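S.K.: with the sequence up front, the predicted model follows.
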Amino acid sequence: MLRAAETTWKTDTGRQRRDNEDNALARPPVFVVADGMGGAQAGEVASRIAVEVFQQELPDSGSPEERLASCVRAANRRIYDLSRAEHERAGMGTTLTAAYLDDAELAIAHVGDSRAYLFRDGSLTRLTQDHSLVEELVRRGKLTEEQAAEHPQRSIITRALGPEPDVEVDTFTYPVRAGDVLLLCSDGLTSMIGEDVVSQVLGSSPTLEQAATGLIAEANEAGGRDNITVVLFRLEAVGGDSSAVEEPTVVGLEPQREGSAAPQGARSGTATSPSATLTAPSPSPARSRVRVPLARRQGKPPRAADARSRQRPRRYAKPIAAVIAIVVVLFLVGGGGYLASRQLFFIATDPQGIVTIYRGLPYQLPGGLNLYETFYVSGVPASLVPADRRRQLLNHQLRSQTDASNLVRELELGQLAK
């Protein structure tokens, strides 16, 4: 049987923010980090609500993963209801990464871009994957790790607690053993320093309290653009059972960029009582990063719309539509017309609201016959494109393959001018 023998948390506002919207809980066997978003104290309120739910007893029934997920969904509903009831809380939300130690296993529930890590025998393994725009682009092979690190939209997350009445929760269970160190942290740490630096600090620090101080110092030295929160706990065997458990396998986790070091103060606490919950009650301005849940992606595939036919008397509408349909079909049936249409492309959105390149003509014939086909699906929701550029980009204008591809590529790299 395992227990958390040494536990500590620390937080710091960072060098570029006035207030701290992070909250945390370190009360074995439950550990939580929440990173709030929203203005007028909304971010701090959202993260605090999430932590308060986990301060209560977990549900009695279900596996550890199911019990954690139930708490996450309950927190999401409370945040969502409050944001709808109070105008000044509208749009608030929070990320959340929670862990529960259950004998020789660690259950994790995760939403957003906070992270959980396992440090074992000098090696650091990430246990969660970010729900962020650039992470999705990296997974699709459309951005490299180097491009993602400098991408102007790197702070946009695709999943959070609060914006929608329901939330999708990632849950995992990993075998752990005595001597393992677990780290939960907000992205204020991992967006500033690389995993190699995190591993170095954890491996060279005599105590977890010193490790937490060192991690925050590294993030601040690298710029400290966001609030920084870390929760650390070390496992030990109780009852005379110190046997090792098979190491977990984590797929698709690559190291991030490296930062530099310099000491920096931070407020801290040791989780030995129920009061070890971190809060930041002061008001905070709107976060500069925009967080867009996938559930908010909107858009429809291009559809035929003959406005002129609707302006004519109704008795002529059907005959005119039929004539137009026949003419278009005859045009496309002709070999030359068909080949010409294969060289034409336009940009619109797919049913999920993602910017997409289509090959063909932006029309749909009666009976649901499309005169276009999907050519390339980007990783960018149309809702993220500035309104003025959106009208120019998604206007169904016919383009060459090169022109359409170049425009979407610039959009994915954040280089499309406003």
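M.R.: Cool, the structure landed. Numbers count the residues shown, from 1 in each chain.

S.K.: what number of residues lie near Leu137?
M.R.: 22 (other Cβ atoms under 10 Å). (Glycine included, C-beta is placed from N, CA and C.)

S.K.: which parts of the strand or helix carrying it are buried?
M.R.: Element membership for Leu137, per DSSP states H and E: helix 133-139. Neighbour-count burial for helix 133-139, counted by 16 or more other Cβ atoms under 10 Å, picks out 133-138.

S.K.: next structured bit after the longest helix anywhere in the chain?
M.R.: Taking DSSP state H as the criterion, the chain has its longest helix at helix 64-85. Following helix 64-85 in sequence order, the next helix or strand is strand 93-102 (DSSP H and E).

S.K.: so which strand or helix has Ser47?
M.R.: helix 42-55.

S.K.: all helices of the stretch 101-250 of the chain, in order?
M.R.: Here the stretch 101-250 of the chain has its helices, by DSSP state H, counting those that start in this stretch, at 133-139, 145-150, 187-190, 195-204, 208-221.

S.K.: can I get the ones you listed in a markdown table with distance to Glu21 and mean pLDDT?
M.R.: Putting the helices of the stretch 101-250 of the chain into a markdown table (distance: least, Cβ to Cβ, whole Å; pLDDT from 0 to 100) gives the following:
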| stretch | distance to Glu21 | mean pLDDT |
| --- | --- | --- |
| helix 133-139 | 20 | 81 |
| helix 145-150 | 23 | 72 |
| helix 187-190 | 10 | 95 |
| helix 195-204 | 22 | 97 |
| helix 208-221 | 16 | 98 |
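
S.K.: any idea which of those gets closest to Ala98?
M.R.: Smallest distance to Ala98 across these (Cβ to Cβ): 15.7 Å, for helix 187-190.

S.K.: gap between the closest one and the chain center?
M.R.: Computed by Cα atoms, centre = their mean, to the nearest Å, the chain-centroid distance of helix 187-190 equals 13 Å.

S.K.: low-confidence ranges in the protein?
M.R.: For the chain, the stretches flagged by pLDDT under 70 are 39-41, 152, 154-155, 240-342, 365-368, 388, 415-418.

S.K.: just give the closest residue to the residue sitting nearest the centre point of it, not the sequence neighbours.
M.R.: When the chain is reduced to its mean C-alpha position, the closest residue under Cα atoms, centre = their mean turns out to be His131, at 2.5 Å. Spatially, and ignoring its direct neighbours in sequence, His131 is nearest to Arg159 (3.7 Å; Cβ to Cβ, 6 or more residues apart in numbering).

S.K.: next one: Pro165
M.R.: Tyr80 (5.3 Å).

S.K.: ok, Glu105 touching Tyr174?
M.R.: Yes - with contacts counted by Cβ atoms under 8 Å, Glu105 reaches Tyr174, the gap being 6.8 Å.

S.K.: the two: which has the busier surroundings?
M.R.: Each of Glu105 and Tyr174 has its neighbours counted (other Cβ under 10 Å); Tyr174 has more, 20 against 17.

S.K.: circling back to that earlier point, now distance to Pro206 too, for the buried residues of helix 133-139, in TSV please.
M.R.: Putting these into TSV (distance: Cβ to Cβ, whole Å) gives the following:
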residue	distance to Pro206
Leu133	39
Val134	36
Glu135	34
Glu136	39
Leu137	40
Val138	35
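
S.K.: tell me the one of those residues nearest Ala50?
M.R.: Glu135 (21.2 Å).

S.K.: just checking, that closest one touches Glu145?
M.R.: No - the criterion here is Cβ under 8 Å, and Glu135 misses it with Glu145 at 10.1 Å.

S.K.: any common contacting residues for those two?
M.R.: Between them, Glu135 and Glu145 share no contacting residue under Cβ atoms under 8 Å, 6 or more residues apart in numbering.

S.K.: burial count for the closest residue to Arg225 other than its chain neighbours?
M.R.: Distances taken as Cβ to Cβ, 6+ apart place Gln16 nearest to Arg225, at 5.0 Å, with adjacent residues excluded. Counted with other Cβ under 10 Å, the neighbours of Gln16 add up to 12.

S.K.: OK, contacts around Gln16?
M.R.: Contacts for Gln16 (Cβ under 8 Å, 6+ apart) come out as 223-226.

S.K.: determine which two of those residues are furthest apart.
M.R.: Top of the distance list for those (Cβ to Cβ): Gly223 and Asp226, 9.2 Å.
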